[in-house]
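S.K.: Sequence and predicted structure below; questions after.
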Amino acid sequence: MDLSLVEKNIGYTFRDKNLLRRALTLASADPDFNNQTLEFFGDAILEFIASERLYKHFRGEGEGALTERRKSIVSDAALTPVSKSLGLDGLLTRGAGDVNNKKAVPSAYEALVAAIYLDGGMRSAKNFVFSTLDFSGGSQTAKNYKGELQEELQSRRRPLPVYEIQTVGTQREPKFRVTLKLFGKNFDAEAENIKTAEQSVAKSALDYMREIKW
């Protein structure tokens, strides 16, 4: 496992690399050193972070609406595309024959939240969650322009896109600028989380590619 690649994808550098290894190791690969307990812990941490954020920004909507908002953010269906956009599905250490475990993909995100919390504290865990999940009320399962762009480039045997990420907001109000260099052009976008900004620049690149019939 290329740990530096994982850290680049998630935007966090671990002091204890074993926490990262454990977060991405399934029980099918190692019954003693795996991410099951991290997943359990991370699920609780993620629910707390999401609940706190939603309470601060949407508490006027009432308990039922807040519960639905939280579900749309932290459910397996919501976390699966986020995990895939971070490349976690391809970085998992699996046992032989363990190829159809769909639960493993969203669980990797939860385990990673716990690993970051244990390595760097709640502030680091929140930064990771806020930079990768969309709390605006939009769907986590929206159209995946980033994946679409990657498939288009692969089909033409072109290098995969590299997204450059800068933090331009504050600790209280995180904001990120993502730049994508393709076709001799720079595509830029800013958003409260990295995922949204990446999707935005990927869409711009796709639109340009189709406009020039590349």
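M.R.: Yes, it's here. Numbers count the residues shown, from 1 in each chain.
S.K.: for the chain, longest helix please?
M.R.: If you go by DSSP state H, the chain has its longest helix at helix 36-58.
S.K.: outside of that one, which residues touch it?
M.R.: For helix 36-58, the surrounding residues in contact (CB atoms under 8 Å, 6 or more residues apart in numbering) are 19, 22-23, 27, 65-66, 69-70, 73-74, 107, 109-115, 117, 122, 125-126, 129-130, 133, 135. For the C-beta atoms, the positions are set from N, CA and C on the backbone; glycine is no exception.
S.K.: so where does residue 165 fall, helix or strand?
M.R.: strand 163-167 (DSSP states H and E).
S.K.: Contacts for that strand next, please.
M.R.: 11, 174-181, 194, 197-198, 201.
S.K.: How many residues are close by the nearest residue to residue 191 once chain neighbours are set aside?
M.R.: Nearest residue to residue 191 in three dimensions, chain neighbours excluded: residue 197, at 4.0 Å (CB to CB, 6 or more residues apart in numbering). For residue 197, the count of nearby residues is 24 (other CB atoms under 10 Å).
S.K.: what do you get for residue 71?
M.R.: 12.
S.K.: list the contacts for it?
M.R.: So residue 71 contacts residue 78 (CB under 8 Å, 6+ apart).
S.K.: The helix or strand hosting it - what's its average pLDDT?
M.R.: Element membership of residue 71, judged by DSSP H and E, is helix 63-74. Averaged over helix 63-74, pLDDT sits at 89.
S.K.: That one: what's the following helix or strand?
M.R.: Using DSSP H and E, the helix or strand that follows helix 63-74 in sequence is helix 76-85.
S.K.: tell me what the helix or strand that that next one is followed by is packed against?
M.R.: Following helix 76-85 in sequence order, the next helix or strand is helix 104-120 (DSSP H and E). Counting contacts by 3 or more CB pairs under 8 Å, 6 or more residues apart in numbering; DSSP states H and E, helix 104-120 packs against helix 17-23, helix 36-58, helix 76-85, helix 122-132.
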